[in-house]
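J.: Fold the following, please.
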Amino acid sequence: MNQKFLYVCPRDIAVAHSRHFITANWIDLPNGSVLLSGEFSDEQRKDLFEQNISVEPCCHDGDTVTQQHAQKLASIGVRMGNTAKQVRTAAKKIHGLM
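T.: Down below sits the predicted model:
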């Protein structure tokens, strides 16, 4: 699975589940959540992580940013309708590994 996925989730969830990722980087958001970019070692670990009710997938598989995520990510310049690539571009201005 050589693909990175984007999530919005509480920081403690990102830390607790970091072992599920090959790589994981995140940006702290003003509301206490993080924007997490992670690459999983296999589909099962991805599914386990996404089963957590506080984990919100953010614009996977060609989706665009929802209004709800745009509000949470406004502090890094993300707007509703942005693509995953646009979210990553905004995030890389803050954290180069995103």
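
J.: the helices in this structure, which residues?
T.: Ranges of helices within the chain are 11-16, 43-50, 67-73, 84-92, based on DSSP state H.

J.: Throw the ones you listed into JSON lines and include mean neighbour count, mean pLDDT and distance to P57, thanks.
T.: Yep, even glycine has a C-beta here, placed from its N, CA and C like the rest. Below are the helices of the chain laid out as JSON lines (neighbours: other CB atoms under 10 Å; pLDDT from 0 to 100; distance: least, CB to CB, whole Å):
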{"stretch": "helix 11-16", "mean neighbour count": "15", "mean pLDDT": "94", "distance to P57": "13"}
{"stretch": "helix 43-50", "mean neighbour count": "15", "mean pLDDT": "94", "distance to P57": "6"}
{"stretch": "helix 67-73", "mean neighbour count": "17", "mean pLDDT": "96", "distance to P57": "9"}
{"stretch": "helix 84-92", "mean neighbour count": "17", "mean pLDDT": "95", "distance to P57": "10"}
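
J.: and for stretch 7-24, what are the contacting residues?
T.: Contact with stretch 7-24 is made by 4, 26, 28-29, 32-41, 45-46, 48-49, 52, 54-58, 69, 72-73, 97, as judged by CB atoms under 8 Å, 6 or more residues apart in numbering.

J.: Could you turn the buried ones of those into a PyMOL selection?
T.: Applying 16 or more other CB atoms under 10 Å to these, the buried members can be selected in PyMOL as follows:
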select buried, resi 4+26+29+33+34+35+36+37+38+40+45+46+49+55+56+57+58+69+72+73
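
J.: that older thread, now render the helices of the chain as a markdown table, adding distance to I22.
T.: Formatted as a markdown table, the helices of the chain follow (distance: least, CB to CB, whole Å):
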| stretch | distance to I22 |
| --- | --- |
| helix 11-16 | 15 |
| helix 43-50 | 9 |
| helix 67-73 | 24 |
| helix 84-92 | 17 |
